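J.: Kindly generate the corresponding structure for this input.
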Amino acid sequence: RLFAEKKFLQTETENKIREALEKLPERERKIIEMTYWLNYPPRKIAEILDLKPNTVSVILKRAKETLKKFLS
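T.: This next block holds a predicted model:
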């Protein structure tokens, strides 16, 4: 029973995160995905998206702050 409750909470959390990600602008969502799913460093993301690495870091920071607001 405890496993079922844990699984339910995990699925619910995943759904909330997915919904929050969908609310982000496309560029922010791409940067989040490349950072956390593909484990790309800012320099590689910058190269792919034709941005400066510092710009990628700033966008990532803002995107994380926005996600926190969506999830709280």
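
J.: ok, and for the least confident helix or strand in the chain by mean pLDDT, which residues are buried?
T.: Every helix and strand of the chain was ranked by mean pLDDT, DSSP states H and E. The lowest is helix 2-23, at a mean of 83. Across helix 2-23, burial judged by 16 or more other CB atoms under 10 Å covers Ala20. To be clear about C-beta, it is placed using only N, CA and C from the backbone, and glycine gets the same treatment.

J.: Next, the angle helix 2-23 makes with the next helix or strand after it.
T.: Downstream of helix 2-23, the next assigned helix or strand under DSSP states H and E is helix 26-36. Interaxial angle of helix 26-36 relative to helix 2-23 (axes from the mean of the first three to the mean of the last three CA atoms, to 10 degrees): 140 degrees.

J.: Which helix or strand lies directly C-terminal to helix 26-36?
T.: As the chain continues past helix 26-36, the following element, by DSSP H and E, is helix 42-49.

J.: Alpha carbons of the least confident helix or strand of the chain, in CSV - could you do that?
T.: Provided in CSV are the C-alpha atoms of helix 2-23 (Å, rounded to 0.1, in the frame of the first residue of the first chain):
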residue,chain,number,x,y,z
LEU,A,2,2.8,2.4,0.8
PHE,A,3,4.4,1.7,-2.6
ALA,A,4,1.1,2.6,-4.3
GLU,A,5,0.8,5.9,-2.4
LYS,A,6,4.4,6.7,-3.3
LYS,A,7,3.9,5.9,-6.9
PHE,A,8,0.7,8.1,-7.0
LEU,A,9,2.5,11.0,-5.4
GLN,A,10,5.5,10.6,-7.9
THR,A,11,3.1,10.5,-10.9
GLU,A,12,1.2,13.5,-9.5
THR,A,13,4.5,15.4,-9.1
GLU,A,14,5.7,14.5,-12.6
ASN,A,15,2.4,15.7,-14.0
LYS,A,16,2.7,19.0,-12.2
ILE,A,17,6.3,19.5,-13.5
ARG,A,18,5.2,18.6,-17.0
GLU,A,19,2.4,21.1,-16.9
ALA,A,20,4.7,23.8,-15.5
LEU,A,21,7.2,23.2,-18.2
GLU,A,22,4.5,23.5,-20.9
LYS,A,23,3.7,27.0,-19.6
